[in-house]
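*Asks:* Fold the following.
(one chain, ligands or ions: 1)
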Amino acid sequence: MVRALHDLRRARRELTGRLAFVPTMGALHPGHLALVAAGQARADHVAASIFVNPLQFGAHEDFSRYPRQERLDHSMLQAAEVALTWVPQAEDLYPDGFATRIEVGGLGERWEGAARPGHFAGVATVVAKLLIAVAPDVALFGEKDFQQLAVIRRLVRDLALPVEIVGVPTVREEDGLALSSRNAYLSAEERARAAALPRALAEAAQAIGGGLPVEEALAEGRAGLRQAGFERIDYFALVDSASLEPLDEPSGDMRLIAAATIGSTRLLDNLPL
Ligand code: PAF
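*Replies:* Next up is the predicted model:
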């Protein structure tokens, strides 16, 4: 494991052949290990980073309580045969006076971007820094954060960063709940009700596939979530998979996306159609 940027650079030079990279905020679960496995299938070595990025959290969000378990994460990565784990130091990534932000316009402004102003600028800025420092051939991100994946693809394309971005399908619990480090915030009772989110998406997908008008299917999905005890629904929408523009009727490559809050935990999920 390395921490300082100069140690990362030295260790990186020693890795010959194709390198895959899995950036994480730690609190690892099998979804992260699926990213590592996908990297191993595409490269000679996998590098991973663990950094809870302050820039992507809003002032009243969960930065301070975000789960941190560096030792356990490190041993999980070692067991998964990750060749290089980088735990960046905040002062290396954001030295005093750091003032640069990367904004991905349009794509980064709606849905999560509207609900969490500044979030995607924080993500795009740190991902650009991590990619530049690690210089991988391929980098892997979970489809669970579908808009984040789209933003990162656009960032890499617009800045012509020489890396291939690969999206890896969401890993789910038996009842369908998408694995997420934030699931740890759920009480047992909230956890049981949280499966209503993937269920609502699956039912909406089926309804739209069966010809129900999109707006009706989405309204039923939102009603199902409210009934299950989700207090706030930030969005439950059908979008174009590439542009993330909302769709009133089925067309091309589509995705259902949702963000809703149960108790004090905000959950995201999405499903292809
Ligand atoms: O998906 C995450 O864990 C984070 O947003 C990422 C991509 C590691 C950037 O901090």
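*Asks:* pLDDT weak spots in the stretch 51-200 of the chain?
*Replies:* Nowhere does the stretch 51-200 of the chain drop to pLDDT under 70.
*Asks:* With adjacent residues omitted, what lies nearest to the residue of it found nearest the ligand?
*Replies:* Residue nearest to the ligand within the stretch 51-200 of the chain: residue 53 (4.0 Å; CB to the nearest ligand atom). Quick note: C-beta positions are derived from backbone N, CA and C, even for glycine. Leaving out its chain neighbours, the residue that sits closest to residue 53 by CB to CB, 6 or more residues apart in numbering is residue 126, at 4.4 Å.
*Asks:* got it, and residue 130?
*Replies:* In space, and not counting its chain neighbours, residue 130 is closest to residue 23: 5.1 Å by CB to CB, 6+ apart.
*Asks:* Quick one: check the host helix or strand of residue 48 for contact with the ligand.
*Replies:* Element membership for residue 48 (DSSP states H and E) is strand 45-50. No. Strand 45-50 is not in contact with the ligand by CB under 6 Å from any ligand atom; minimum separation 7.3 Å.
*Asks:* Go ahead and name everything in contact with that strand.
*Replies:* 12, 15, 17-26, 32, 36, 39-40, 70, 73-74, 77, 80-88, 130, 134, 136 (CB atoms under 8 Å, 6 or more residues apart in numbering).
*Asks:* Just the mean pLDDT for that strand, thanks.
*Replies:* Strand 45-50 shows a mean pLDDT of 98.
*Asks:* Give me the distance between the two termini of stretch 88-105.
*Replies:* 27 Å (CA to CA, to the nearest Å).
*Asks:* and that stretch with the ligand, contact?
*Replies:* No. Stretch 88-105 lies out of reach of the ligand by CB under 6 Å from any ligand atom, never closer than 10.3 Å.
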